[in-house]
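Asks: for reference, the sequence and a predicted model appear below.
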Amino acid sequence: MSDQDLKSQNMIPADDEELSFEESFKKNIEKIRPHLKELWEYRKRFIYFNTIVFLVTLAILIFLVKPYYKSSVTILPDYGSKETTLSQLSNLASLAGANVGQASPTEVYQNLLTSEAVLGPVIYAKYKTEKYPDSVNLIQYFEVEPHKSVPPQLQGRDMFLQVYKDLSEGRIKTDLDKMTEILTVTVKMPEAQLSADVVNKIAESLDNYVKSKRKSYATYQIEYITKRMAQVKDSLTIAENKLKDFREQNRMVIQSPELMLQQERLSRNVEILSTVFLELNKQYEMAKIDQIKDTPIVNIRDYAKNPVIKAGPNKRMTLILIMFFSVILSGFYYGFKRNVKKYVTYISGDKVGTATLEQKKV
């Protein structure tokens, strides 16, 4: 059997497999040598291009890219009467348009934070800033202009929605720890103190919203319980009178099993209505307390303070990454420029140009 047959049956290594590492390395160098020569021919253009990219990127990072600051507020879970709090907060979330089902208080807060009911007071609140001498709201600070297609009567609403979208989708970030149920709210702003003021205002607005809705809910409960108490009281009075009349008319009840059964039924009805009335009276007093209670509900561990140090952007790393990709891509382009032109011309169907390139290559 010949060597060729043995090679075809993989019994003898192929020529490429017999090459040593050094020979393989030299062979690969020979393959890329033409591209290195081509890159050397265009070295001036390569240097000019990357110099321009460097200067333009540096100018943009210095003059156009502005720093931003981040401030955070930590909201702790409610360790009080959890069942009552959860049911009330779920009702409040549904009033704000958020369907949360059965969730922890901080999960409800996370849904409420980006609602218009909470962010509205934050957007229209006045803040002291470095940019303006007087206090301004966020619409004025970001110099928001209404869209031209919006009618005059809706321009205020349009500007509000622009800032609301910017806050809820870009500047506000919430992070809920599933284990501890601790909620962290972070706000990104162009100024350090402004970021702290805005995130504190969000926490304050959330607390005010929950308190106001709790009072409204308590008022609704009081109205319902008052009506129900009147109904139960009337029913209880009627039941008591029936029991009294029955006992006055039947003083020898013990001698008749049927009369004893009727008396037990009447007594049981009075007992049930009395229990319901007492429970309603208890709920009424609790609702009255909730109605006048003005203590903070949102359990905030610490309010935000001026972060001082900017959070970003990392201009040095941005410049390094841009220059890295610029050098790689421009080096690839100038090193394979003739091949690129050849393939582009071939794809475009210019056979004459392709033939010319082939002759030059020969």
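Replies: Cool, the structure landed.
Asks: C-alpha from now on. contacts and neighbour counts both.
Replies: Noted.
Asks: for the nearest residue in space to Ile172 that is not next to it in sequence, give the beta-bridge partners.
Replies: Of all residues not flanking Ile172 in the chain, Val187 sits nearest, at 4.7 Å (Cα to Cα, 6 or more residues apart in numbering). For Val187, the beta-bridge partners under DSSP bridges are Ser71, Ile172.
Asks: neighbours of Val187, how many?
Replies: Val187 has 24 neighbouring residues, counting by other Cα atoms under 10 Å.
Asks: check it and give its pLDDT.
Replies: On pLDDT, Val187 comes in at 95.
Asks: likewise Ser212?
Replies: 85.
Asks: related to what we said a few turns ago, which ones are touching the residue nearest to Ile172?
Replies: 70-72, 171-173, 195-196, 198-199 (Cα atoms under 8 Å, 6 or more residues apart in numbering).
Asks: just the buried ones among the residues you listed, please.
Replies: Burial by neighbour count, 16 or more other Cα atoms under 10 Å: within the contacts of Val187 this picks out 70-72, 172-173, 195-196, 198-199.
Asks: in this structure Leu36 contacts Tyr333, no?
Replies: No. Checked against Cα atoms under 8 Å, the pair Leu36 and Tyr333 is beyond contact range at 11.4 Å.
Asks: just give me the neighbour total for Asn306.
Replies: Asn306: 15 neighbours (other Cα under 10 Å).
Asks: A helix includes it, no?
Replies: No. Asn306: not assigned to a helix; according to DSSP: H, G, I helix; E, B strand; the rest coil it is coil.
Asks: next, find the distance separating it from Lys70.
Replies: 9 Å (Cα to Cα, to the nearest Å).
Asks: shared neighbours of these two, anything?
Replies: 192, 195-196.
Asks: now, those residues that are in helices?
Replies: 192, 195-196 (DSSP state H).
Asks: ok, so of those, who is nearest Gln153?
Replies: Of all those, Gln153 sits closest to Ser195, with 31.1 Å by Cα to Cα.
Asks: check what pLDDT that closest one gets.
Replies: According to the model, Ser195 scores 95 on pLDDT.
Asks: quick check: it touching Val122?
Replies: No. Judged on Cα under 8 Å, Ser195 makes no contact with Val122 at a distance of 11.9 Å.
Asks: buried residues in the helix or strand where Leu280 lies, which are they?
Replies: Using DSSP states H and E, Leu280 sits within helix 257-292. Neighbour counts over helix 257-292 (16+ other Cα under 10 Å) mark 259, 263, 266-267, 269-270, 273-274, 276-277, 280-281, 284, 287, 290-291 as buried.
Asks: using the three-state scheme, assign Thr74.
Replies: strand.
Asks: so how far is Asp166 from it?
Replies: 22 Å.
Asks: residue contacts, Asn50?
Replies: 323, 326-327, 330.
Asks: helix, strand or coil for it?
Replies: Taking three-state DSSP, the label given to Asn50 is helix.
Asks: now do it, the pLDDT please.
Replies: Asn50 is given a pLDDT of 91.
Asks: likewise the one 3 residues further on?
Replies: Val53 is assigned 91 on the pLDDT scale.
Asks: right, I'll call it a day here.
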